[in-house]
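A.B. asks: next come a sequence and a model predicted from it.
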Amino acid sequence: QPRTAVACASSTMLRSIVAILAFSFTTGSATGLVTTRWGAPAMTQSGRRQAGGGRLAMSIQSEVAADMKAAMKAKDTKALSTLRGIKAAFTNLQKEKGTEDDLSDEQAVTVLRKMAKMRQESIDMYLKGGADDRAAEEASEKAIIEKWCPLLADEATTRAWIEEAIAEAGEDGGNMGKVMGKLMAKRKADIDGKLAQKLLKEMI
């Protein structure tokens, strides 16, 4: 009995560490790199930070490259490994599109969200299997990746957007596919698709 209690307490503590790591990296308190792109004080309506004189900040891809240099200088091998993975994912998409130009921020965020989703799946798997140390490593990587991802809309906002899409669909307002098409066309970068599908099923 005492051993079981100690094991449970240890697992709970490690899960807390996973959450703390994610929060620390997202806010920048656990790294010397630039703090969260989308949480910066100076914001434009589209969510992009502004540089001095009202000029928009550099692209996400450029910021990743800059953070790689900072990580190399700081000899932060863990952050550098994650940033190299991000750069590789960006490069792969550029090759697919046959261009050497930087990806648009929207394209970059799409890549980053996929990477973050993969890390979350790994975290869930490791926690389920009791490999809390591996889960913590994945959480730290996920936090770095999500640094450039804008926060997704909450449930209340998502409901409001769905109502708007249903109204825009008119006679097709009861057609889930039509409504989702209109919703994602306008809100793709700001909405959790799974949450939207769940709420839409309840609303039509």
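C.D. replies: That came through, no problem. Residues are numbered from 1 along each chain as shown.
A.B. asks: center of the chain, which residue is that?
C.D. replies: Nearest to the geometric centre of the chain sits residue 146, at 3.6 Å (C-alpha atoms, centre = their mean).
A.B. asks: so that residue sits against residue 112, correct?
C.D. replies: Yes: applying C-beta atoms under 8 Å, one finds residue 146 in contact with residue 112, separated by 7.2 Å. Every residue, glycine included, has its C-beta placed from N, CA and C.
A.B. asks: tell me, how many residues neighbour residue 76?
C.D. replies: Look at residue 76: counted by other C-beta atoms under 10 Å, it has 17 neighbours.
A.B. asks: so residue 203 touches residue 163, yeah?
C.D. replies: Yes: counting by C-beta under 8 Å, residue 203 touches residue 163, with 7.4 Å between them.
A.B. asks: quick revisit: so what's the nearest residue to the residue nearest to the centre of the chain once chain neighbours are set aside up against?
C.D. replies: Spatial nearest neighbour of residue 146, chain neighbours left out: residue 116 (5.3 Å); criterion: C-beta to C-beta, 6 or more residues apart in numbering. Going by C-beta atoms under 8 Å, 6 or more residues apart in numbering, residue 116 touches 142, 145-146, 149.
A.B. asks: can I assume the residue nearest to the centre of the chain sits in a helix?
C.D. replies: Yes: residue state for residue 146 (DSSP: H, G, I helix; E, B strand; the rest coil) corresponds to a helix.
A.B. asks: which stretches of the protein form helices?
C.D. replies: Secondary structure of the chain, counting by DSSP state H: helices at 2-27, 60-74, 77-97, 105-128, 132-145, 155-169, 176-187, 193-203.
A.B. asks: which of those helices sits most buried?
C.D. replies: Highest mean neighbour count among the helices of the chain (mean count of other C-beta atoms under 10 Å): helix 132-145, with a mean of 22.
A.B. asks: for it, packing partners?
C.D. replies: helix 2-27, helix 77-97, helix 105-128 (3 or more C-beta pairs under 8 Å, 6 or more residues apart in numbering; DSSP states H and E).
A.B. asks: by mean pLDDT, show me the worst of those helices.
C.D. replies: Mean pLDDT is lowest for helix 2-27 out of those, coming in at a mean of 48.
A.B. asks: I'd like the distance from stretch 133-142 to the chain centre, please.
C.D. replies: Centroid separation between stretch 133-142 and its chain, computed with C-alpha atoms, centre = their mean, to the nearest Å, is 14 Å.
A.B. asks: average pLDDT across that stretch?
C.D. replies: Mean per-residue pLDDT for stretch 133-142: 95.
A.B. asks: convert it to CSV, retaining C-alpha atoms only.
C.D. replies: The C-alpha trace of stretch 133-142 is given here as CSV (Å, rounded to 0.1, in the frame of the first residue of the first chain):
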residue,chain,number,x,y,z
ASP,A,133,10.1,11.5,-18.4
ARG,A,134,9.6,10.9,-22.2
ALA,A,135,6.3,12.8,-21.9
ALA,A,136,8.1,15.8,-20.4
GLU,A,137,10.6,15.8,-23.2
GLU,A,138,7.8,15.9,-25.8
ALA,A,139,6.0,18.6,-23.8
SER,A,140,9.1,20.9,-24.0
GLU,A,141,9.3,20.4,-27.7
LYS,A,142,5.6,21.0,-28.2
